[in-house]
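Student: Here's a sequence, model it:
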Amino acid sequence: MAEPKTSDHVLLVDKPYRWTSFDVVNKLRHVFKIKKIGHAGTLDPLATGLLIICTGKNTKRIEEFMGLEKEYTGTLVLGHETASHDLETEPYFTADVTALSESEIREAAAKFCGVVNQTPPSHSAIRIGGKRAYEFARKGKEAPVQPREVTVHAFEITAYQPPEATFRVVCSKGTYVRSLVRDLGKELGVGAYMSSLRRTRIGPHRIEDAQTIDQIMAANQAPDTTTP
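Tutor: Below you'll find the model as predicted:
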């Protein structure tokens, strides 16, 4: 990936674990000393993978990139749940999964392919009356999150070693993979949470073509003076 020589660029970044998408934007704003910069689609702090960063005039393309199909890989844990549906909150036991077969899990996951009404997680950044949903959730209040229509092109279980399964998801803009995992656990009657997530593709743009923050900084000879 070419590094910016002017202020108008599209950068493919491999977002680090526990960084917010804004952390990446803020870091690159400092590295390239540019004001007009933004990202095309938020990744949760506990997720890694492809984040498209637009600078200068290319910030006008953010909506274009956000509308592209997304691909993810990750892991989920069956027989346990968390309030956030990932590892932001503590897991608790819900059911014994020793009787579940991989074929049963695959068949259940396939039911969520197509156009579905999905309820986003209460621990999410969706705005409700000017506040983020997670602001309600973190205060122990029920966030009035409304279902939305999304398209899931693929929800594949790629391996299963009880109680953990690996998966691949291809989906439209606005899809919460955490919610897919939650709903899969409900469908199987045992509960589930997402233990890891990596975005591998946005439209034609792939994680293999992305650079880490360290690589970008090294290429631009920028000292690492700030951390999120």
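
Student: by contact count, what packs against the strand ranked longest in the chain?
Tutor: Looking across the chain with DSSP state E, the single longest strand is strand 148-161. Strand 148-161 sits against helix 102-110, strand 114-118, strand 164-171, helix 177-188, with contacts defined as 3 or more Cβ pairs under 8 Å, 6 or more residues apart in numbering; DSSP states H and E. C-beta here means a position set from N, CA and C on the backbone, and glycine is covered the same way.

Student: I'd like to know which of those lies nearest to residue 147.
Tutor: Nearest of the helices and strands packed on strand 148-161 to residue 147, taken as Cβ to Cβ: strand 114-118 at 4.4 Å.

Student: Which strands border that closest one, and is each parallel or antiparallel?
Tutor: Paired neighbours of strand 114-118 in the sheet (DSSP bridges): strand 148-161 (antiparallel).

Student: buried stuff in the strand it pairs with?
Tutor: Using 16 or more other Cβ atoms under 10 Å as the test for burial, strand 148-161 gives 150, 151, 152, 155, 157, 160.

Student: these two touch, right, the first one and residue 175?
Tutor: To tie it back to what came earlier, the one meant is residue 150. Yes - Residue 150 is in contact with residue 175 according to Cβ atoms under 8 Å; the separation is 4.3 Å.

Student: between those two, what contacts are shared?
Tutor: residue 118 (Cβ atoms under 8 Å, 6 or more residues apart in numbering).

Student: Residue 198 is in contact with residue 49, correct?
Tutor: Yes - look at residue 49 against residue 198 with Cβ under 8 Å: they come within range, at 4.2 Å.
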